[in-house]
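>>> The following block contains a protein sequence and its predicted model.
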Amino acid sequence: MPRTVMDAMAAAADITDRGFTFVDGSAGEHWMSFQELARAARRRAGTLRALGLVPGDRIALIITEQRSFVVTFLAALAAQLVPVPVYPPSSLAKVDSWRQATEGIVRTARPAALVTTDEVSPLLWSVASRADTKIITLRQLDSHPGAESTAAGSDPDPDDVAFLQFTSGSTMAPRGVMVSHRNLVENCTRINDDLLSADITGVSWLPLYHDMGLIGMVLAPLLALRPIFFLDTLAFLKRPALWFDLIHRHRASATFAPHFAYPLAVRRISAAAVAGWDLSCLRLVGCGAEPIDARTLRTFAGHFAAAGLRPEALCPSYGLAEATLISTYTPVGEHWRSQIVDADRLQRHGEAAPPTPGGKTLEIVGCGTVVKGHSLRIIDPSGRALPERRVGEIELRGPSITGGYFADPAATARTFSDGAVRTGDLGYVADGHLFVTGRQRDLVIVHGRNYAAQTIEWALDGLSLVRAGHAVAFAYPDNEGVEQIAVVCESATRDVADVQHAVAARISEELGLAVGQVLVVRPGTLPKTSSGKVQRAKTRALFLDGTLGHIAQGKGAARRSRPLLIARLRWQAVLGSVRYRLETARRTRRQRATGEPR
């Protein structure tokens, strides 16, 4: 087993018959053998060092194109820098919120440089000037005269930080998880030994600035020298059929995706398209990143059955950045399991008890067994272990547990202790399998009963007036201080009253719950994380201060036209450029005067 990813890159240097293939939106494919990939990473590592970056420096990677991201990330590791993946802007309409989030990450990580593209760099000038850091574009890396040099230096210690993985920010501000080389190798080894068989070919459209895409589909296959096809993320979102077309054409046996991708594929891919594929080659279809709905798995399996997809290929799993990536998984080839439990006992007493005749029920999906060499406990608020079928916080322990949050000792102390992490997720164990019920911060507590926000939101699946996957449920106090349920949902219709009535009726019918308020907002309004998860805490805050209400009623500022938006962004870029150039000149004068490295 290699000690670091660099050891794996050294082993890859002689492999010419396997590698990574990068596919763009027009289905153009660029294959790089592992030998080519290792050489490209070494050349870029030399360039980064030639530009004045030194071992231990952190560099933020804000790169859209997957091949460039992979090469630059590996180059940073080879140069003994600490890469910090940051998600690029997804659209002009949300560039302000993206820049605000990026500025928060940069303020925490304090990178020595921001590595990005020519197109994105103007949006970062103000961020760079405030952080007193420099911008390096990919064009500079490609054209720098030091590009043919190689980085030199001693190998890093396995316990050194390899990179910072910022959390998605679905329940709180993103935090930089310190992933060590040892954490990486351990978790990648578990993925390779337990999930990715020796003859595997994988397909991924996952964004590489998140752990599922980066660790699960880049670093783990690199350590095992297994071929992967990378589809551009935006191309997948525009045309989900490209995902399965790649699997069909290249006879891929493994793929991973978060929960939201499965209903999206069912909605956007016709039965006629499915009938034209052969997906019998798939042995592993991983599903994770958020609580999993059993109906989603069944609907997906049924929709793609005509293409030969086997239900036992579906692999619900559980993991988090604080544990590097994967923590539990359903064994490959074993049909995923679920449990029907008594809803009242679960919500009032936290017991996963068998249903009673005539009573309401909930179905909870099992996320498999804990990975080898690790342990799992369900604990109460005081940290005491709970027995089987009792709901509590999930605690994990083992060599994949990371060292905590960068520059945040208080949060580290609250979350990590003696090699264990308190995940903030709720669940129970039955027959050795983990069943995840939700997140502590997302609990909706009404009349002494605990409801997972996802349970309320899932009740709206199939409601035509509401955009699928675009509803948020939470509790709020009414004028008398009594907790009520609010639902904020996106809809394209102007008949707000019809949507409100349909939402309230569906939740009452499915769960027996009365909804205090239903707020209907425009498509694209709900705040989301970089990985597409709804931000419930932020939505609730906007709801309470009236911002979302103003948007829903059309009383706020009118939506900016695209020309005005582009003009505003250009003006911001000009101001940012001036500020950045002034700060760069000031920094250069200081470096010359003090003899600091440039």
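Perfect, thanks for sending it. Numbering: from 1, shown residues only.
>>> alpha carbons only for contacts and neighbour counts from here, please
Will do.
>>> Show me where the stretch 451-598 of the chain has its helices.
With DSSP state H, counting those that start in this stretch as the criterion, the stretch 451-598 of the chain has helices at 453-458, 496-511, 536-544, 547-553, 562-594.
>>> List the contacts of the nearest residue to Thr64 once chain neighbours are set aside.
Counting by C-alpha to C-alpha, 6 or more residues apart in numbering, Pro88 is the residue found nearest to Thr64 once chain neighbours are left out, at 6.1 Å. Residues near Pro88 by C-alpha atoms under 8 Å, 6 or more residues apart in numbering: Ile62, Ile63, Thr64, Trp98, Val120.
>>> Run a quick neighbour tally on the first one.
Using other C-alpha atoms under 10 Å, Ile62 has 23 neighbouring residues.
>>> just the third one next, same as before
Neighbours of Thr64 under the rule other C-alpha under 10 Å: 22.
>>> ok, Val520 touching Arg494?
No - counting by C-alpha atoms under 8 Å, Arg494 is not a contact partner of Val520; they are 9.3 Å apart.
>>> These two: which has the busier surroundings?
Using other C-alpha under 10 Å, the more surrounded residue of Val520 and Arg494 is Val520, with 28 against 12.
>>> Just want the phi and psi numbers for the residue nearest to Thr64.
phi -80, psi 170 (degrees, to the nearest 10).
>>> Just the pLDDT for it.
Per-residue pLDDT puts Pro88 at 91.
>>> now swap in Asp461 and tell me
Confidence at Asp461, expressed as pLDDT, is 86.
>>> Find the nearest non-adjacent residue to it, please.
Ala468 (6.2 Å).
>>> go on, Glu510?
Leaving out its chain neighbours, the residue that sits closest to Glu510 by C-alpha to C-alpha, 6+ apart is Ala459, at 6.4 Å.
>>> pLDDT below threshold where in this structure?
For the chain, the stretches with pLDDT under 70 are 1, 26-27, 91-93, 145-154, 170-172, 530-531, 549-585, 587, 591, 594-598.
>>> Specify the residue ranges that define each domain of it.
Domain assignment for the chain by automatic domain parsing gives 1-232+560-598, 337-441, 459-553.
>>> need those in JSON lines with distance to Thr296, can you?
Compiled in JSON lines, the domains of the chain are given as follows (distance: least, C-alpha to C-alpha, whole Å):
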{"stretch": "domain 1-232+560-598", "distance to Thr296": "19"}
{"stretch": "domain 337-441", "distance to Thr296": "11"}
{"stretch": "domain 459-553", "distance to Thr296": "10"}
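>>> Tell me which of the ones you listed sits nearest to Ile247.
domain 1-232+560-598 (6.4 Å; C-alpha to C-alpha).
>>> can you map out the helices along the stretch 101-250 of the chain?
With DSSP H, counting those that start in this stretch, the ranges of helices along the stretch 101-250 of the chain come out as 121-131, 138-143, 181-194, 211-214, 220-224, 233-238, 241-250.
>>> and those as CSV, adding distance to Val436 and mean neighbour count?
Output for the helices of the stretch 101-250 of the chain, formatted as CSV (distance: least, C-alpha to C-alpha, whole Å; neighbours: other C-alpha atoms under 10 Å):
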stretch, distance to Val436, mean neighbour count
helix 121-131, 38, 21
helix 138-143, 41, 15
helix 181-194, 20, 22
helix 211-214, 18, 22
helix 220-224, 25, 22
helix 233-238, 27, 17
helix 241-250, 28, 19
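>>> With respect to Leu37, which of these lies nearest?
helix 220-224 (10.0 Å).
>>> sorry, back to before: neighbours of the residue nearest to Glu510, how many?
16.
>>> Hmm, Ile269 and Ala241 touching each other?
Yes - Ala241 lies in contact with Ile269 (C-alpha under 8 Å); the separation is 6.1 Å.
>>> picking up where we left off before, from what I can see the residue nearest to Glu510 touches Arg506, true?
Yes - taking C-alpha under 8 Å as the definition, Ala459 is a contact partner of Arg506 at 6.9 Å.
>>> buried set for the longest strand belonging to the chain?
Longest strand in the chain by number of residues, with DSSP state E as the criterion: strand 420-430. Neighbour-count burial for strand 420-430 flags Ala420, Val421, Arg422, Thr423, Gly424, Asp425, Leu426, Gly427, Tyr428, Val429 (criterion: 16 or more other C-alpha atoms under 10 Å).
>>> on that earlier part again, between the contacts of Pro88, which is nearest Ile445?
Nearest member of these to Ile445, counting by C-alpha to C-alpha, is Trp98, at 31.8 Å.
>>> tell me the contacts of the closest residue to the closest one other than its chain neighbours?
Among residues not flanking Trp98 along the chain, Pro89 sits closest, at 6.1 Å (C-alpha to C-alpha, 6+ apart). Contact analysis of Pro89 by C-alpha under 8 Å, 6+ apart lists Val95, Trp98, Arg99, Val120.
>>> One more: Gly462?
Ala468.
>>> repeat that for 10 Å
Residues near Gly462 by C-alpha atoms under 10 Å, 6 or more residues apart in numbering: Ala468, Gly469.
>>> Quick check: Phe97 touching Leu123?
Careful, residue 97 is Ser; it's not Phe. No - contact criterion C-alpha atoms under 10 Å: Ser97 and Leu123 do not qualify, at 11.9 Å.
>>> quick one: Thr47 from Ser143, how far?
Relative to Ser143, Thr47 is positioned 9 Å away (C-alpha to C-alpha, to the nearest Å).
>>> same question but for Thr493, I mixed them up
In this view, Thr493 and Ser143 are 51 Å apart by C-alpha to C-alpha.
>>> now Leu548
Leu548 is 47 Å from Ser143, by C-alpha to C-alpha.
>>> Next: Ile62.
With C-alpha to C-alpha as the criterion, Ile62 and Ser143 are 19 Å apart.
>>> Enumerate every residue touching Ser68.
If you count contacts by C-alpha under 10 Å, 6+ apart, Ser68 has them with Ala40, Ala41, Thr116, Thr117, Leu138.
>>> what about Asp132, neighbour count?
By other C-alpha under 10 Å, 17 other residues sit near Asp132.
>>> Revised request: answer the last question for Leu320.
Here the count is done by other C-alpha under 10 Å, and Leu320 has 18 residues near it.
>>> likewise Ala492?
By other C-alpha under 10 Å, neighbour count at Ala492 equals 13.
>>> is it true that it touches Thr525?
No - at 11.3 Å, Ala492 does not count as touching Thr525 under the criterion of C-alpha under 10 Å.
>>> thinking again about what came up before, among the contacts of Pro89, who's most crowded?
Within the contacts of Pro89, neighbour counts (other C-alpha under 10 Å) peak at Trp98, which reaches 20 neighbours.
>>> name the element that one belongs to?
Per DSSP states H and E, Trp98 falls inside helix 95-109.
>>> can you give me the angle that helix makes with helix 121-131?
40 degrees (axes from the mean of the first three to the mean of the last three C-alpha atoms, to 10 degrees).
>>> Show me what helix 95-109 is packed against.
The helices and strands touching helix 95-109, judged by 3 or more C-alpha pairs under 10 Å, 6 or more residues apart in numbering; DSSP states H and E, are strand 58-62, strand 82-85, helix 121-131, strand 161-166, strand 176-180, helix 562-594.
>>> Can you list the buried residues in it?
Val95, Trp98, Arg99, Ala101, Thr102, Glu103, Gly104, Ile105, Val106, Thr108, Ala109.
>>> can you redo those as CSV with distance to Ala131?
What follows is the buried residues of helix 95-109, written out as CSV (distance: C-alpha to C-alpha, whole Å):
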residue, distance to Ala131
Val95, 19
Trp98, 16
Arg99, 13
Ala101, 14
Thr102, 11
Glu103, 8
Gly104, 10
Ile105, 11
Val106, 7
Thr108, 10
Ala109, 10
